[in-house]
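**Q** Following is a predicted model, sequence given first.
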Amino acid sequence: MKILIVYASTDGQTRKIARFAADHLVDRGQTVELLPVAEAEGVDLARFGAVILAGSVHMGGFQAPLMAFAKEAAARLSAVPSLFLAVSLSAAGQDAEDWAGLRACVSAFQETTGWVPGQVEHVAGAFRFSSYDMIRGWAMRWIAAQKHQQIAPHEDREYTDWAALAAVLDRFAV
Ligand SMILES: Cc1cc2nc3c(=O)[nH]c(=O)nc-3n(C[C@H](O)[C@H](O)[C@H](O)COP(=O)(O)O)c2cc1C
């Protein structure tokens with residue numbers, strides 16, 4: 001089966017997750033095409049037997065280019081097995097309100113694009129202070145403090161559970 005992975009990443013963690021997914025699936029004998037969403041326009045979706053989209057939550061929403069791609073391709077995406085990897089920091093915790101927010105983000109994504117993924121997986125992302133400008137760094141340190149996370153000023157902190165992600169991919173690409 002040939003699998004298309006399209007991703008949007010603002011600070012790099014979703015790119016790392018998408019690359020991990022591609023490598024993992026290739027190691028298990030799948031054929032994979034990995035595209036950043038900026039390069040996915042016009043891709044012939046009929047060539048693929050399954051599709052994975054990955055995007056990250058920023059200020060309560062997913063990247064606009066990923067939404068545009070999903071909207072444009074919604075009919076074809078809905079016709080094959082599909083997986084949406086929704087990357088966020090809320091998914092790293094157990095806060096019920098945060099999780100309700102995540103579910104609302106995914107619902108809004110589905111309503112706006114018209115694509116209903118066969119499977120949605122919430123994946124914990126990362127603090128990437130090395131990628132943030134001053135204002136984003138300040139904002140993220142404030143969020144870390146609100147969540148009682150001890151973060152050194154310029155230290156990146158990854159919450160992604162790679163083994164759990166591998167298990168999701170194994171179940172998806174059987
Ligand atoms: C400016 C900004 C806003 C964010 N907003 C949210 C949010 O609303 N909810 C959430 O769970 N995570 C939020 N995050 C955390 C990101 O989803 C997380 O850092 C993720 O790993 C980013 O993926 P990326 O590196 O691929 O962009 C935010 C991060 C930044 C930098």
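**A** Received, thanks. Numbering: from 1, shown residues only.
**Q** Pick out the residue in this protein sitting closest to the ligand.
**A** The minimum distance from the chain to the ligand, using CB to the nearest ligand atom, falls at G125 (2.0 Å). Glycine gets a C-beta too; all of them are placed from N, C-alpha and C.
**Q** I figured that residue hits T160, correct?
**A** Yes - using CB atoms under 8 Å, G125 is in contact with T160, at 6.5 Å.
**Q** More neighbours: which of these two?
**A** Between G125 and T160, counted using other CB atoms under 10 Å, G125 has the larger neighbour count: 26 against 18.
**Q** In the lowest-mean-pLDDT helix or strand in the chain, which residues are buried?
**A** Lowest on mean pLDDT, DSSP states H and E among the helices and strands of the chain sits helix 134-146, with a mean of 88. Within helix 134-146, the residues that qualify as buried are 137, 140-141, 144, counting by 16 or more other CB atoms under 10 Å.
**Q** Figure out how far the helix or strand following it is from the centre of its chain.
**A** Next along the chain after helix 134-146, taking DSSP states H and E as the criterion, comes strand 157-158. Relative to the mean C-alpha coordinate of its chain, strand 157-158 is positioned 16 Å out (CA atoms, centre = their mean, to the nearest Å).
**Q** Give me the contact list for stretch 134-150.
**A** With CB atoms under 8 Å, 6 or more residues apart in numbering as the contact definition, stretch 134-150 has outside contacts at 89, 93, 95, 127, 129, 132, 151, 153, 157.
**Q** Flag the least confident of those residues.
**A** Lowest in pLDDT among the contacts of stretch 134-150 is P153, which has 71.
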